[in-house]
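Undergrad: could you work out the structure for the sequence below:
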Amino acid sequence: MLGRRRGRTRRRTTGRARAGARLAVVLGVALMGLAVLAPAAGANYARVEASAGCDQLVTWRASASVEGGAEERTNERVSVQYRPSGTDDEWIDAGPPGAFSAENDFSFTGDVELPDGVDAIDLKVVPLVRWGPARDGDEPGEPRFATAEVPAACEGQPLAARQELDCDGGAVIVRASNVGDRPLVAEVVVDKVVVRELPLDPGARTELVVPVLVGRATPVEVRAGDFVASEQVQADDCALDGPTAVVVERCGAPLGRLVVLATGADRSVTAQVEVRGSIVDEASIEPGTVLQRTLEVPEQALPVEVTLDGQVVAAGMAGGCDGPVAGLLGCGTAGRSACDLTATRPAAPGPAPAPPPPLQVDRGGPALPRTGPAQRALGLLLGGALLVGGGAALAARDRRRPVPSVLGTALEPYRQRWWDDP
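TA: Residues are numbered from 1 along each chain as shown. I've put the predicted structure just below:
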């Protein structure tokens, strides 16, 4: 009896094992078939991010995924499209097709105005060709989506603002407008400190360039009172190509009129900050770190220079809080144009003018110029006329004096004596 039970148990266990093995084989074959039949998804993909402002303008940015090398992240033809959210309308191009390459840091940007009566749109980014410079890499892959919607807080607010990042120039372009019927003052805030106040009349628009250090996350917002019209973190995903520096004005700060930001990228550098030709700060910057210095300077435009290892990387007049740029942009490195040093290093005065040539005297000629008969006659006539006129004036004066009487003349000696005797 005991042997029969053991045999039955063994047969049941063996049957279950065989059934499990058959099931595993079937599932494995099915998965292999799906892998063969399914199209290649591609290791790389495109991304899109977008935001809408109170001015009904949507700004978007398409970028390649960060996985892989430069060639794997390259795509020569990428499209960004949009349509109103919640609809099945046809997709509309949000701009001309772009590309991902090392030259544009594998990203490109654009903007589109919302249609009338639309407060939100869906966007999608679609790679149109295979990845790689030769279009022989991964398949384009599936599109990626994003949604941009006008914030509810924008309703009834007069301030409209938007931001545009310029990685090559190391700046954020802030655009603000007053869509209300009363004047307002917009504040541009960087790192939680007001860098500039922008007065705006009804219907007015203005633009301000804010320097940012490439590769450093910089929060930028535009506000009027408690209402924030635009708020973004900028420059953290920009490629850093070498040592650079910027100077940012802090016109609304109680202390510290200027802030210097500098980095040596992947190498160690020595930084010097000069104001009015005098070194006010000097420090060493380790690789991958950022130097930040706050300068206590008067409320006026001053010549400022920042040098890294002896090379000028930012220069100009800063602190006046009245120009189109809220500070000084980086220059001289990372493919940027050379710094303009005319404001910080005035040209030396030129050489003194040459003395006039000595007066040449002809010692053989007369000491005074000779005169002819006509000139001598004219001189005599003028001299005679002066004498005649003078004599006539004296005679007229004598005639105007009263003639003394006989009695006065007789008493004259006695009057003089009476005055003279004590």
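
Undergrad: only C-alpha atoms from now on, for both contacts and neighbour counts.
TA: Noted.

Undergrad: residue boundaries of the helices in this protein?
TA: Per DSSP state H, the chain carries helices over the ranges 2-37, 373-400, 406-420.

Undergrad: could you identify which of those has the lowest mean pLDDT?
TA: Among these, helix 2-37 has the lowest mean pLDDT, at a mean of 48.

Undergrad: strand partners (parallel or antiparallel) of the longest strand seen in the chain?
TA: With secondary structure taken from DSSP state E, the chain has its longest strand at strand 75-84. Strand 75-84 pairs in its sheet with strand 92-93 (antiparallel), strand 98-100 (antiparallel), strand 120-127 (antiparallel), by DSSP bridges.

Undergrad: so which of the ones you listed gets nearest Gln232?
TA: strand 120-127 (18.7 Å; Cα to Cα).

Undergrad: how about the CA coordinates for that closest one, as PDB?
TA: Output in PDB follows, covering the C-alpha atoms of strand 120-127 (Å, rounded to 0.1, in the frame of the first residue of the first chain):
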ATOM      1  CA  ALA A 120      -4.500  74.800 -23.800                       C
ATOM      2  CA  ILE A 121      -2.800  72.800 -26.500                       C
ATOM      3  CA  ASP A 122      -1.200  69.400 -26.800                       C
ATOM      4  CA  LEU A 123       2.200  69.200 -28.500                       C
ATOM      5  CA  LYS A 124       4.200  66.200 -29.800                       C
ATOM      6  CA  VAL A 125       7.700  65.800 -31.100                       C
ATOM      7  CA  VAL A 126       8.300  63.300 -33.900                       C
ATOM      8  CA  PRO A 127      11.700  62.300 -35.300                       C
END
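
Undergrad: which residues touch that strand?
TA: 45-48, 50, 62, 75, 77-85, 114, 140-150 (Cα atoms under 8 Å, 6 or more residues apart in numbering).

Undergrad: what's Leu213 sitting at in phi/psi?
TA: With angles defined as degrees, to the nearest 10, Leu213 sits at phi -80, psi 120.

Undergrad: just to check, it is in contact with Val247?
TA: No: Leu213 lies out of contact with Val247 (Cα atoms under 8 Å); the separation is 9.1 Å.

Undergrad: JSON lines for the strands paired with strand 75-84, including mean neighbour count and mean pLDDT?
TA: Formatted as JSON lines, the strands paired with strand 75-84 follow (neighbours: other Cα atoms under 10 Å; pLDDT from 0 to 100):
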{"stretch": "strand 92-93", "mean neighbour count": "14", "mean pLDDT": "97"}
{"stretch": "strand 98-100", "mean neighbour count": "22", "mean pLDDT": "96"}
{"stretch": "strand 120-127", "mean neighbour count": "23", "mean pLDDT": "97"}
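
Undergrad: so for Leu308, which of the ones you listed sits nearest?
TA: strand 98-100 (31.7 Å).

Undergrad: touching the closest one from outside, list them.
TA: Strand 98-100 has contacts (Cα under 8 Å, 6+ apart) with Ser63, Ala64, Arg73, Thr74, Asn75, Glu76, Arg77, Val78, Ser79, Phe106, Ser107, Phe108.

Undergrad: mind listing what the residue most central in space within the chain touches?
TA: Centroid-nearest residue in the chain, with Cα atoms, centre = their mean: Val209, separated by 3.1 Å. Contact analysis of Val209 by Cα under 8 Å, 6+ apart lists Ala171, Val172, Ile173, Val174, Pro324, Val325, Ala326.

Undergrad: again, 6 Å this time
TA: Val172, Ile173, Val325 (Cα atoms under 6 Å, 6 or more residues apart in numbering).

Undergrad: cool, Asp201 as well?
TA: Pro183.

Undergrad: coming back round to it: gap between the residue nearest to the centre of the chain and Glu249?
TA: Going from Val209 to Glu249 by Cα to Cα, to the nearest Å gives 11 Å.

Undergrad: next one: Glu49
TA: Remark: distance between Glu49 and Glu249 (Cα to Cα) = 30 Å.

Undergrad: the two: who's more crowded?
TA: Glu249 (28 against 18; other Cα atoms under 10 Å).

Undergrad: columns distance to Asp122 on top of the contacts of strand 98-100, output as TSV?
TA: Supplementary listing: the contacts of strand 98-100 in TSV, determined by distance: Cα to Cα, whole Å:
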residue	distance to Asp122
Ser63	17
Ala64	19
Arg73	24
Thr74	25
Asn75	23
Glu76	24
Arg77	21
Val78	17
Ser79	14
Phe106	22
Ser107	19
Phe108	18
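
Undergrad: pick out the most distant pair among these.
TA: Going by Cα to Cα, the pair spanning those furthest: Arg73 and Ser79, at 15.5 Å.

Undergrad: of those two, give the one with the bigger neighbour count.
TA: Counted by other Cα under 10 Å, Arg73 and Ser79 do not tie: Arg73 has more neighbours, with 26 against 19.

Undergrad: need the pLDDT of that one.
TA: 95.

Undergrad: hmm, Ala52 is touching Glu149, no?
TA: Yes: counting by Cα atoms under 6 Å, Ala52 touches Glu149, with 5.5 Å between them.

Undergrad: okay, those two: which has more neighbours?
TA: Comparing Ala52 with Glu149 by neighbour count (other Cα under 10 Å), the higher total belongs to Ala52, at 25 against 20.

Undergrad: is that one bridged to anything, and to what?
TA: Val58.

Undergrad: so what's it up against?
TA: Val58, Ala148, Glu149, Val150.

Undergrad: number of nearby residues for the second one?
TA: Read that as Ala148. Ala148: 23 neighbours (other Cα under 10 Å).

Undergrad: from here on, call the first residue 24.
TA: Sure, I'll start numbering at 24, so the last one becomes Ala171.

Undergrad: for the chain, give me the ranges with low pLDDT.
TA: Applying pLDDT under 70 to the chain flags the ranges 24-66, 370-373, 382-395, 397, 418, 421-445.
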